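> I'll drop the sequence and a predicted model, then ask my questions.
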Amino acid sequence: MAIASGHDLAGPRPRQTKRSADLADATLSDKALEIHRRLCPVYGCPIPYFHSLDPLSELVSSLLSHRTRNADSGRAFKALRARYPDWAEVAAAPVEEIEAAISGVTWPELKAPRIRAILAEVAERHGSLSLDFLEDMEVEAARAWLEAIPGVGPKTSAAVLSFSLLRMPALPVDSHHHRVAHRTGLIGAKVDVGPSHPILRAQLPADWSAQDLYDNHEILMLHGQAVCHHRNPACGRCVLLDLCPAGQAQRSSVREP
Ligand code: SF4
């Protein structure tokens, strides 16, 4: 997967959620900022953007990546573009051919018709196969436009705005990010990935740039992958241990006879 720096494209943007003030808790905001402050030097903020795709391509890429290793979804995306250099060709292609091109991902038989349906939806609602127009919208409005597409949820809408060349200030939350947020107490035990998006976004400063929010997502995701594992989190070497109820409980249970 190509590594591309997007720092020059990620200047501060004023467009922010209007729900922030309602959702943010001052204590949790302080904790969210402290977590960001501690993890940034560990993972090297500012973190280079891993994609330089237009937003429609990013949407297809996000769909391919669902429950699929990055290397496999990256290969499938390249295979699809090699076979159909234009998204209009994909929209008109037999679904079996699309499925064959993306056979390396999980559930290609479901993703092939989904890709065609999404392309048809974009063409019908916008009048052309492009999502570049989202750049002129507020973040929340752009997310709502994307989430009106069947099968597109908060994680995908935020990923399209943040990871694509739009470089808009949106905060995606993946399963690793969500796990760290849950264990450190930023979100409650019953808050699922989807509903966690506005809560975690509201804990961060409203005027943070696209790069700041991208960094926040990346460092929590990377921490979940490298230290706060799904099974057996490495709390003994975690820089968040003193802030983390789950980590302290885990250490207490280890110390007990
Ligand atoms: S202390 Fe343990 S549970 Fe808490 S964030 Fe660190 S690794 Fe995860």
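Looks like it arrived, so ask away.

> show me what from the chain comes close to the ligand.
When proximity is defined by Cβ under 6 Å from any ligand atom, the chain lies next to the ligand at 180, 183-184, 227-228, 233-235, 238, 240-241, 244, 246-247. C-betas here are computed from N, CA, C, even on glycine.

> what about 5 Å?
By the rule Cβ under 5 Å from any ligand atom, the part of the chain lying against the ligand is 183, 227-228, 233, 235, 238, 240-241, 244, 246-247.

> show me what contacts Glu147?
Residues near Glu147 by Cβ atoms under 8 Å, 6 or more residues apart in numbering: 153-154, 157.

> distance of it from the ligand?
29 Å (Cβ to the nearest ligand atom, to the nearest Å).

> which of the residues of the chain next to the ligand are buried, as a ChimeraX select command?
This is how ChimeraX selects the buried members of the residues of the chain next to the ligand, with burial counted by 16 or more other Cβ atoms under 10 Å:
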select :183,227,228,233,235,238,240,241,244,246,247
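
> tell me the two of the residues of the chain next to the ligand that are most distant?
Val227 and Ala246 (12.5 Å; Cβ to Cβ).

> closest residue of the protein to the ligand?
The ligand sits closest to Gly247 of the chain, with a gap of 2.3 Å, by Cβ to the nearest ligand atom.

> if we can go back for a sec, any shared contact partners between Val227 and Ala246?
With Cβ under 8 Å, 6+ apart, Val227 and Ala246 have common neighbours Pro233.

> these two touch, right, the residue of the chain closest to the ligand and Ala234?
No - using Cβ atoms under 8 Å, Gly247 is not in contact with Ala234, being 9.6 Å away.

> count the residues that sit near Leu33.
Residues lying near Leu33 (other Cβ atoms under 10 Å) number 14.

> state the phi and psi torsions of it.
Phi and psi for Leu33, reported as degrees, to the nearest 10, are phi -70, psi -40.

> count the neighbours of Arg116 for me.
By the criterion of other Cβ under 10 Å, Arg116 has 17 neighbours.

> from Asn70, how far out is Val42?
21 Å (Cβ to Cβ, to the nearest Å).

> neighbour-wise, which of these two wins?
Val42 (15 against 10).

> not counting sequence-adjacent ones, nearest residue to the residue nearest the centre of the chain?
With distances taken as Cα atoms, centre = their mean, the chain has Pro172 as the residue nearest its mean C-alpha position (3.2 Å). Nearest residue to Pro172 in three dimensions, chain neighbours excluded: Ala158, at 4.0 Å (Cβ to Cβ, 6 or more residues apart in numbering).

> who's in contact with that neighbour?
Ala158 sits in contact with 143, 170-173, 197, where contact means Cβ under 8 Å, 6+ apart.

> go again with 7 Å.
With contacts defined as Cβ atoms under 7 Å, 6 or more residues apart in numbering, Ala158 is in contact with 143, 170-172, 197.

> cool, and Ile187?
Contacts of Ile187 by Cβ under 7 Å, 6+ apart are 181, 196, 199-200.

> all set, thanks.
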